[in-house]
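>>> Attaching a predicted model along with its sequence, questions to come.
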Amino acid sequence: MKRGLDILGAAAGLILLSPVLLVLAVAVRLESAGPALHWSRRVGRFNHIFPMPKFRSMRIGAPDVATHLLPDPASWITPLGGFMRRTSLDELPQLWSVLVGHMSLVGPRPALFNQDDLVALRNAAGVEVLRPGLTGWAQVHGRDELPVPDKARLDAEYLARRSTLMDLSIIARTALTAFSGRGVRH
């Protein structure tokens, strides 16, 4: 049932949000040189690496590491990119990843291919059996503000408690969190 809801939700989201996606893609291209989308290598279900699209929020040539690991993140993030990150608009292309089955609407956020600490903690908790999500339990409890062990703990809690009702609650809380910009460091 979860996969069916993912397909319906992602397809509806892509159709309904297509004007927004188009405007953002054009705006990214007009603001700085380079493609509108950045395809990031992420860790998916059972630790398979998959390409995850995001609207490009950083300048071309930015290192492919978690933003908090950059010496001066602000020097890499474009002005539009900062806005898209605060509002999570940069994440909208991931609806494509949900539609094709690499992700789910709700699950642990996909780790970067080089976030070995987070991947190891998730593996120890058995979380690798879940499809990564567009949003998740950890996202509504702090987003970027959470230390890695807390993210892994919340992901394990989601694994133990997951249900359709919990997913709907997480989606509703995500909408409120995204529009407020709370929990985003960079």
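Thanks, I have the structure now. Small disclaimer: the values here were computed from a predicted structure and weren't measured.
>>> which residues of the chain fall in strands?
Assigned by DSSP state E, the chain shows strands spanning 37-43, 49-55, 104-106, 133-135.
>>> what angle do the second one and strand 37-43 make?
Here strand 49-55 runs at an angle of 150 degrees relative to strand 37-43 (axes from the mean of the first three to the mean of the last three Cα atoms, to 10 degrees).
>>> max-length helix in this structure?
If you go by DSSP state H, the chain has its longest helix at helix 164-180.
>>> what's in contact with it?
1-2, 5, 87-88, 105-106, 135-137, 139-140, 143, 158, 183 (Cβ atoms under 8 Å, 6 or more residues apart in numbering). C-beta here means a position set from N, CA and C on the backbone, and glycine is covered the same way.
>>> Only whichever of the residues you listed are buried, select them in ChimeraX.
ChimeraX command restricting the contacts of helix 164-180 to the buried ones, with burial defined by 16 or more other Cβ atoms under 10 Å:
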select :2,88,105,106,135,136,137,139,140,143,158,183
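>>> Could you list which residues are in contact with Q94?
By Cβ under 8 Å, 6+ apart, the neighbours of Q94 are 52-54, 103, 134.
>>> Let's see the pLDDT reported for it.
Q94 is assigned 98 on the pLDDT scale.
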